[in-house]
Each structure stands twice: as structure tokens, then as C-alpha cells.
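Peer 1: take a look and give me a structure for this.
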Amino acid sequence: MTTFPIPYNYADHILVASPSIRVRQRVLESLRSPVRRFEQATGGAEALVHLESGFWQVLFLDRRLPDLDAEELSATVRQRFPGIEVVLLDPELNVKSDTEPIPDRVGAEELILPAGRSAVEATAGTQDNSEEKVIPAASSTIVAPLPGMIGDSRIMQPVYRLARLLAPRNTTVLISGPTGCGKEVVARAIHQLSPRAARTFAVVNCAAIPETLLEAELFGYARGAFTGATQTYTGRVQAAHGGTLFLDEIGEMPLSLQPKLLRFLEQKELQRLGSAEVVRVDARVVSATNAHLLSLVREGKFREDLYYRLCGFPIEIPPLRDRLEDIVQLSAHFLEKFAAPLPAPQLSLPALQLLKTHPWAGNIRELQSVIERALILSADQAVIGPEHLLLAETGFPNPHQ
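Peer 2: This next block holds a predicted model:
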């Protein structure tokens, strides 16, 4: 196995890019002395973001990147950051430099690492391995994405942190953000991380159900309550007993129905249509909207008291155009999803640049559709180029056409 020793004075600002947390950790563990800066990236595009934002001396680059071609990226790094040494971890998990090898300065004591581990020597001489220390990575403080979510961009960190803090509580949550940004995914994650996870997650889309039917769908009805009510229906609210009630597009709820929802939020009680029976329901309420509810309050279209009941704790999800760091991970996820069971192709750097310049009015939902179309148009090619990305259908002109 080939190893690549690097003198200490050349390797105190290190970046590791690999989709494998095991590989990244092993590179970290191989460092035999304190390193002033050590950061990690899960893909090539994320590595480029790190390279743009700071001073680096060595980049350890896994050839098996989920998004970009490692050789192409290596050439790009050499051109744009000529002072950075790139160390490639090849498919056989050996270490190979893409530049001239640095002479071996440690002889028999050089560190040989299995399973993707690379050697960064602390000094030009030998050292006692008993003094090796694991150096915490700067990215270790990053909050992990919520269940079902992809991307660890900085702008999403408050969303992940707040959702995890709220999950164990019964606080009502109002999730706001543009259409297609993942509001329901966040709501489901809060439910899954809560003590209510084993119970029902009941979804009501207030914009998708006609006003005349919404009350019956929410609160249920008794047999004979109206023509066609041949049996009793419990409704979505009662179905969420012990679990979570998710009210999507809450801004579309009719004014006439809002007092009944307010009463449920205050008393945890409901009455079915056509019944005098009062039913107590223990359901946590999480709602979502793409509208500005306070504006609707000022316009008289939404009750102010209901707004403050729903907004026990607000969470705002940023649009995709503000979290461009996540586009690579999201794209790789969708490529794997749509390519399965075949291996997923990679995105070329020009394709990635095109994705990063698009306005993404449809947010993650739009990106998913674009990636699915690109996979179809690429006809099982190993690399997806900009010619495979159809963006004009979104209603925004493609600046690259």
C-alpha cells in the first residue's frame, strides 16, 4: 500500500472530503499532532465551499464522491488553488497524490493506514504512537439534519436545532416557508422525534378540502347529521389522539371554521357535526403556511387569537435559493432515489454551477423534478451535464440557454 507522508509544517490546515464518515474519522485519527484547523466535507461541492472560505494546505479527496468527479475536481482545485496539495483516496482505499510525491522523511516509521486512512506525519522524525490524540473536527458541532431531511448548510442549522428542542414538548408549532421547501418533512420529523412517535401523524391540507367538507373532515360527524352520513365518522382531529395533528396551509382555513379550531386548541375538546357529545382529544398541533399570517390578520382574513394560539413557537424554513450549499447533497439524494437499483450518475461541475444559478421558485420540489428529468435525458450516462438540465419549464428563463 502506498503512503504519503506530509511534513508537519505543511499540514496544519487540513480539509477532508468523503461521503463516508468512517473514512473522514480515520483521516482525523491518523493525525499525530495538534492541527490548527481540520474540517470535513461530505462531497466535492461542499469541499469547494470550504476552499473558498478559508486558507487550506492539504485536501484529502475521496475518489468515490457522491456528486462530482474526483479527477475533475482535483484539476479544478489545482487551477484555482495552486498552493493546496490534493491527496486522492483511490477506490482501493490507498492514498495517492495528484502531484509529485514528497520525499519520504520518516522511513520505516511512516504510517500505513488500512481502509482509506491516510498519513499526515507530525514531524520529520519518528514519534511514539502512544501520544496520538484525536483532534475534534470543527464540523462536529453541526446539528444533524432532521429525519427525512438532506443537507447541513449553516442556514438550516437553526431549523434543525429548534425542531429537536421542540420535539419532546407539547408546544404548538407554526412552520412557515415557501411552497416546496419541506414544511411537512419538518413537521413529520418533530413527530418522529417526540414521545408521540408511535401514534398517528394526521395530516389535513386546509387548501385541498372544500370549505363545505372541511369541518366534517376535521371534527367528524354523527350518523344522520346530513344527507349521506350513513355512519359516524370520527374525523382527523380525533384520529390524532395521542399523536400529532398537522394542519397544512392553515392560512386557507375559512373564517367560519376558525372559532371551532380555536376552541379545540384552548379546551382540547370537540363536538362532531350532529352530535351533542363532547369528546376530549389529546393531540399536539403543528401547522404550516406559505402565507404571511399576520398580514391575513390585518386584512381580517384570519383571527388574531387563533394566530397566537397556533404560533406557540414559530419555525421559518428558508427557500432553496438561500441554502445553495445543500443543492449537491439534495441532488445526489434524488439521483440515487431515481436511479435505483442502478448506480447513480454524477453531476459535472458545469451542471452543478447551473443548478446553483437557478432561482428555484419551486424550491426542493422543483429540484427533485429537474433531477428526475435529467436522469431520464442522460440515458444512463455516467455523468450528467448541463445539457440534461431542463429548467425553462419552471417559468423562469434559463440564463445559460
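
Peer 1: burial measure for residue 259, as a count.
Peer 2: Using other C-beta atoms under 10 Å, residue 259 has 12 other residues around it. C-beta here means a position set from N, CA and C on the backbone, and glycine is covered the same way.

Peer 1: ok, residue 179 next?
Peer 2: Considering only other C-beta under 10 Å, residue 179 is surrounded by 13 other residues.

Peer 1: please name the nearest non-neighbouring residue to it.
Peer 2: The shortest distance from residue 179 to any non-neighbouring residue, by C-beta to C-beta, 6 or more residues apart in numbering, is to residue 290 (4.9 Å).

Peer 1: now swap in residue 256 and tell me
Peer 2: residue 211 (7.7 Å).

Peer 1: got the phi and psi for the one you found?
Peer 2: The phi and psi torsions at residue 211 (degrees, to the nearest 10) take the values phi -60, psi -40.

Peer 1: can you check residue 253 too?
Peer 2: Dihedral angles (degrees, to the nearest 10) for residue 253: phi -70, psi 130.

Peer 1: need the contact list for the residue nearest to residue 42 when sequence neighbours are not counted.
Peer 2: Closest residue to residue 42 apart from its sequence neighbours, by C-beta to C-beta, 6+ apart: residue 19 at 5.5 Å. Going by C-beta atoms under 8 Å, 6 or more residues apart in numbering, residue 19 touches 42, 43, 62, 64, 65, 66.

Peer 1: what sits against the residue nearest to residue 256?
Peer 2: Neighbours of residue 211 in contact, by C-beta under 8 Å, 6+ apart: 254, 256, 257.

Peer 1: ok, now with 10 Å
Peer 2: 252, 253, 254, 255, 256, 257 (C-beta atoms under 10 Å, 6 or more residues apart in numbering).

Peer 1: which two in these are spaced the farthest apart?
Peer 2: Within those, 252 and 256 form the most distant pair, 12.8 Å apart (C-beta to C-beta).

Peer 1: of the contacts of residue 211, closest to residue 333?
Peer 2: Distance to residue 333, by C-beta to C-beta, is smallest for residue 252 among the contacts of residue 211, at 30.0 Å.

Peer 1: pLDDT score assigned to that closest one?
Peer 2: Looking at residue 252, its pLDDT stands at 95.

Peer 1: could you find the closest non-adjacent residue to it?
Peer 2: residue 207 (4.0 Å).

Peer 1: that neighbour - that's part of a strand, no?
Peer 2: No. Going by DSSP: H, G, I helix; E, B strand; the rest coil, the assignment for residue 207 is coil, not a strand.

Peer 1: test my guess that the residue nearest to residue 179 contacts residue 181.
Peer 2: Yes. Counting by C-beta atoms under 10 Å, residue 290 touches residue 181, with 8.3 Å between them.

Peer 1: who's more crowded, these two?
Peer 2: residue 181 (25 against 18).

Peer 1: where does the stretch 301-401 of the chain dip in pLDDT?
Peer 2: Counting by pLDDT under 70, the stretch 301-401 of the chain has low-confidence residues at 392-401.

Peer 1: go again using 50 as the cut-off
Peer 2: For the stretch 301-401 of the chain, the stretches with pLDDT under 50 are 394-401.

Peer 1: tell me what the strand or helix carrying residue 86 is packed against?
Peer 2: If you go by DSSP states H and E, residue 86 is part of strand 85-89. Using 3 or more C-beta pairs under 10 Å, 6 or more residues apart in numbering; DSSP states H and E as the contact test, the elements touching strand 85-89 are strand 13-17, helix 21-30, strand 58-62, helix 70-80, strand 95-97.

Peer 1: and the second one, C-alpha only, in PDB?
Peer 2: What follows is helix 21-30, C-alpha atoms only, in PDB (Å, rounded to 0.1, in the frame of the first residue of the first chain):
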ATOM      1  CA  ILE A  21     -18.000   9.400   7.900                       C
ATOM      2  CA  ARG A  22     -15.800   6.400   8.700                       C
ATOM      3  CA  VAL A  23     -13.100   7.500   6.200                       C
ATOM      4  CA  ARG A  24     -13.200  11.000   7.400                       C
ATOM      5  CA  GLN A  25     -12.800   9.900  11.000                       C
ATOM      6  CA  ARG A  26      -9.900   7.700  10.200                       C
ATOM      7  CA  VAL A  27      -8.100  10.500   8.400                       C
ATOM      8  CA  LEU A  28      -8.700  12.600  11.500                       C
ATOM      9  CA  GLU A  29      -7.400   9.900  13.800                       C
ATOM     10  CA  SER A  30      -4.300   9.500  11.700                       C
END
